[in-house]
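Asker: Got a sequence here, can you build the structure:
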Amino acid sequence: MNGQHDPADAPGPAGSAAGTGRRGRRGGTTESREQILDTARRLFAEHGFEGTSLRQIARETGVDPAMIHHFFKGKDELFALSVALPADPEKVLAGVDGYSPEDRADAIVRAVLRLWESPAQHSLVAFLRGTIGSKAKTLLLRELVQRTILGRIMAGVPGPPEEVAMRGNLVATQMVGVMLVRYVVRLEPLASASPDDIVRLVAPNVQHYLTGDLKPTGEPAAGGLKGGDAEASELAARTEP
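Answerer: Numbering: from 1, shown residues only. Just a heads-up that it's a prediction; the model follows:
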């Protein structure tokens, strides 16, 4: 997108037309809603959120743009439903950006664990398994992570944009790794560790990625990877048969 507002991305009169009647418009049925979602998934995967307009989705679905607003609140909701994430990232991470970047890691790890320890866990596992190996779903998830999840987690983190982006990527590798190993692969002893233990083990690494020195020195950062490794050894010793 070139930054210009697409009038079709805002609600319009119910009888407005998207074009000059080159094809018949479908009625407001459940089938039309699913067809809009199917088209949106494809276009968001191909062009990203910013590169896809509601007018384009309506045109390729063969419906009036007003029908999209009949079924969906706007492009943000349509995108979220296209990704089909079993939880709302905005709600999961609510309040995280209220912590200073220098004191945010515990809140991030606890927010993620709180979600995965909830009844949504089975749906989340199914979502991850369904995403792996699907190019379209992976592209949609990447867009969601960049726009919503990392945007909130990395709010206010100082540094050049390229460095902040790298820090966000490193935080993501840490948290995705925990989710996969603990909840999908269920590798012991991490799978049976208490949430408090995981926070103690993982938060120092996350904090290092957020605000620590990323320059390689040959030695682990104090209070970061070194501390996490020591506690990991302690946890493994406690959980051995």
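
Asker: so Val63 touches Ser32, yeah?
Answerer: Yes. Counting by Cβ atoms under 8 Å, Val63 sits close enough to Ser32 to count as a contact (5.9 Å). Where C-beta positions appear, they are placed from N, C-alpha and C, glycine not excepted.

Asker: Neighbour count for the two, which is higher?
Answerer: Each of Val63 and Ser32 has its neighbours counted (other Cβ atoms under 10 Å); Val63 has more, 25 against 19.

Asker: what's the helix or strand for the more buried one?
Answerer: Using DSSP states H and E, Val63 sits in no helix or strand.

Asker: What of the one 3 residues further on?
Answerer: Secondary structure from DSSP H and E places Ala66 in helix 65-71.

Asker: how near is the closest residue to Arg41 other than its chain neighbours to Ala66?
Answerer: Excluding its sequence neighbours, the residue lying closest to Arg41 (Cβ to Cβ, 6 or more residues apart in numbering) is Ser82, at 4.5 Å. Applying Cβ to Cβ, to the nearest Å, the value for Ser82 to Ala66 is 19 Å.

Asker: So those two - more neighbours on which side?
Answerer: More crowded of Ser82 and Ala66, by other Cβ under 10 Å: Ser82, with 26 against 19.

Asker: which helices and strands sit right next to the helix or strand harbouring the more buried one?
Answerer: Using DSSP H and E, the element containing Ser82 is helix 75-83. On a contact count with 3 or more Cβ pairs under 8 Å, 6 or more residues apart in numbering; DSSP states H and E, helix 75-83 meets helix 30-47, helix 54-61, helix 135-144.

Asker: So for it, what gets flagged as buried?
Answerer: Residues of helix 75-83 classed as buried by neighbour count (16 or more other Cβ atoms under 10 Å): 75, 78-83.

Asker: which of these lies closest to Leu124?
Answerer: Val83 (12.7 Å; Cβ to Cβ).

Asker: what distance separates stretch 197-207 from the centre of its chain?
Answerer: 20 Å (Cα atoms, centre = their mean, to the nearest Å).

Asker: change the start of the numbering to 8 and stick with it
Answerer: Got it, first residue is 8 now, which makes that one stretch 204-214.

Asker: For the residue most central in space within the chain, which residues are in contact?
Answerer: Among the residues of the chain, the one closest to the centroid is Val152, at 3.2 Å (Cα atoms, centre = their mean). Applying Cβ atoms under 8 Å, 6 or more residues apart in numbering, we find Val152 in contact with Ala179.

Asker: same check, this time on Phe51
Answerer: The contact partners of Phe51, by Cβ under 8 Å, 6+ apart, come to 59, 86, 89, 146-147, 150.

Asker: All set now, cheers.
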